[in-house]
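**Student:** Give me the fold of what follows.
(one chain, ligands or ions: 1)
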Amino acid sequence: MLKIGLTGGIGSGKSTVAKIFQTLGIPVFDADTVAKSIMNENAELKLKIQQQFGDATYKDDVLDRAYLANIVFKDPYQLAILNSLVHPATIQAAEDWFQKQSVPYVIKEAALLFESGTAGNLDEVIGVYAPLTVRLARVKKRDNADIEAIKNRMKNQIEEEMKMKLCDRIIYNNDSEAILPQVLQLHKYYLQKSQQHV
Ligand code: ATP
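**Tutor:** Numbering: from 1, shown residues only. This next block holds a predicted model:
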């Protein structure tokens, strides 16, 4: 079974592309969603987060995301510590999930695929690319978010053009190129490639 990464910056369209793969019957591991849920479910991880960021991080056993975001998005050092706790637990969750799949190929969707150092365990990585202005406009509309807040989150990600150079395939998701034919072409390619894969 091939393991294919799917990455791209905030608002590039990863989830939109992932949904198309899912409709084609390809299972998708959504690393960002899993990372968020294990911060509330994995007892060992919860304890480490609480020890690092204080008792106020969990209120009635539920993560206070606003409190934690306020600490880590102001301080790259604290963010690096949080990532060093969450990433290994997410990688383990992905490995457990891979074991349960029996299809020609699976997709692992993650915004921080390269930043977390997990791209190396994958057979190929697809990058979803959209220009910065398009991404900002989409996220502003989707989340009703403030442009400065979005830009702040973007600062923690590798610059988009650089990220695309690290990818094996690129899906262009600007406003003028349709993504469906691009996904269909990749789907066909991975189905063929999986037959040669031992
Ligand atoms: P994040 O990293 O923030 O989760 P993402 O990369 O998963 O973002 P999406 O949520 O798929 O991005 O897309 C961002 C927003 O842009 C969504 O509201 C989505 O519906 C919209 N969008 C994505 N692609 C297109 C497109 N080609 N045309 C119009 N809107 C689009």
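
**Student:** Just say helix, strand or coil for Lys74.
**Tutor:** Under DSSP: H, G, I helix; E, B strand; the rest coil, Lys74 falls in the coil class.

**Student:** Begin at 8, not 1, for the rest of this chat.
**Tutor:** Happy to do that; since the first residue is 8 now, the last one works out to Lys81.

**Student:** List phi and psi for it.
**Tutor:** When quoted as degrees, to the nearest 10, the phi and psi of Lys81 stand at phi -100, psi -20.

**Student:** So what's the residue count around it?
**Tutor:** Counted by other Cβ atoms under 10 Å, the residues lying close to Lys81 total 10. C-beta here means a position set from N, CA and C on the backbone, and glycine is covered the same way.

**Student:** so what's the residue sitting nearest the centre point of the chain closest to, chain neighbours aside?
**Tutor:** Among the residues of the chain, the one closest to the centroid is Ala117, at 1.6 Å (Cα atoms, centre = their mean). In space, and not counting its chain neighbours, Ala117 is closest to Ala38: 3.6 Å by Cβ to Cβ, 6 or more residues apart in numbering.

**Student:** Double-check the one you found against Lys115; I have them as touching.
**Tutor:** Yes - using Cβ atoms under 8 Å, Ala38 makes contact with Lys115 at a distance of 6.1 Å.

**Student:** overlap in contacts of those two?
**Tutor:** 101, 125 (Cβ atoms under 8 Å, 6 or more residues apart in numbering).

**Student:** now the strands for the protein?
**Tutor:** 9-14, 35-37, 65-66, 69-70, 112-116, 131-136, 176-179 (DSSP state E).

**Student:** Tell me the residues on the protein that lie near the ligand, please.
**Tutor:** By Cβ under 6 Å from any ligand atom, the residues of the chain that approach the ligand are 15, 17-23, 118, 145-146, 149, 180, 186.

**Student:** Many thanks, have a good one.
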